[in-house]
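Colleague: Structure for this input, please:
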Amino acid sequence: MINRLLSLLYLLFCKVLFCINHRWYMKMYIPYLKWRGTRIHGTPRYIGVHVKFDNYHLIEIGNNTTISDDCHLLTHDYSITNVMRAIGIEFSKDIALVRDIRIGNNVFIGKKSIIMPNARIGNNCIIGAGSVIRGIVPDNTVFGGNPAQCFSSVEELAKKWMIYIENNQIRKD
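Modeller: Numbering: from 1, shown residues only. Model prediction:
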């Protein structure tokens, strides 16, 4: 009980920092995620303040990764209980399929995306906003939609965006 209260207070502190300075927020939030059991390799660029983690210890995040706000990383699927009921099999308790999630290095995950159990996102990938990711996302690809599908390679997207960069049509922060 005390552990849970301390965890909630720490998260509240991180949310206050988020309102003041994103960099301070990230410096405090990453240790929290590691303390909860998330395997983090290197330093993520950004993880939104409203990202929902299911089972922290079943999630792996690579270096230089961005996870935009309101994303959900789900490591469980309880629909198996409903499927079993539909065919006449009842269990005394709900049952779940529980699998880990792996996110590679230099990945961008757009706002409100859902990463499903057993998802494997390779290195240098872009996941469009609102995507539902299940299965394997190969290295250097751009995925989006529900269900997510491959739109292009990262190299093709970079060529497209170079035109905007050359014409000063992209904001540089």
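Colleague: Tell me how far the closest residue in space to V132 that isn't next to it in sequence lies from I170.
Modeller: With sequence-adjacent residues excluded and distances taken as C-beta to C-beta, 6 or more residues apart in numbering, V132 is closest to N146, at 4.4 Å. Backbone N, C-alpha and C define where each C-beta goes, glycine included. Per C-beta to C-beta, to the nearest Å, N146 is found 27 Å from I170.
Colleague: Over to L73?
Modeller: 29 Å.
Colleague: Between these two, which has more neighbouring residues?
Modeller: Counted by other C-beta atoms under 10 Å, L73 and I170 do not tie: L73 has more neighbours, with 25 against 11.
Colleague: Run through the bridge partners of the more buried one.
Modeller: Under DSSP bridges, the beta-bridge partners of L73 are F53, I115.
Colleague: what residues are up against it?
Modeller: Going by C-beta atoms under 8 Å, 6 or more residues apart in numbering, L73 touches 51-54, 59, 67, 101, 115.
Colleague: Now do the SS call for L17.
Modeller: helix (DSSP: H, G, I helix; E, B strand; the rest coil).
Colleague: residues near it, how many?
Modeller: 18.
Colleague: Show me what counts as buried in the host helix or strand of Y29.
Modeller: Following DSSP states H and E, one finds Y29 within helix 22-36. Neighbour counts over helix 22-36 (16 or more other C-beta atoms under 10 Å) mark 25-26, 28-30, 33 as buried.
Colleague: how big is the angle separating the helix or strand of the chain with the lowest mean pLDDT from helix 22-36?
Modeller: Least confident helix or strand, the chain: helix 2-20 with a mean of 82, by mean pLDDT, DSSP states H and E. In terms of direction (axes from the mean of the first three to the mean of the last three C-alpha atoms, to 10 degrees), helix 2-20 departs from helix 22-36 by 160 degrees.
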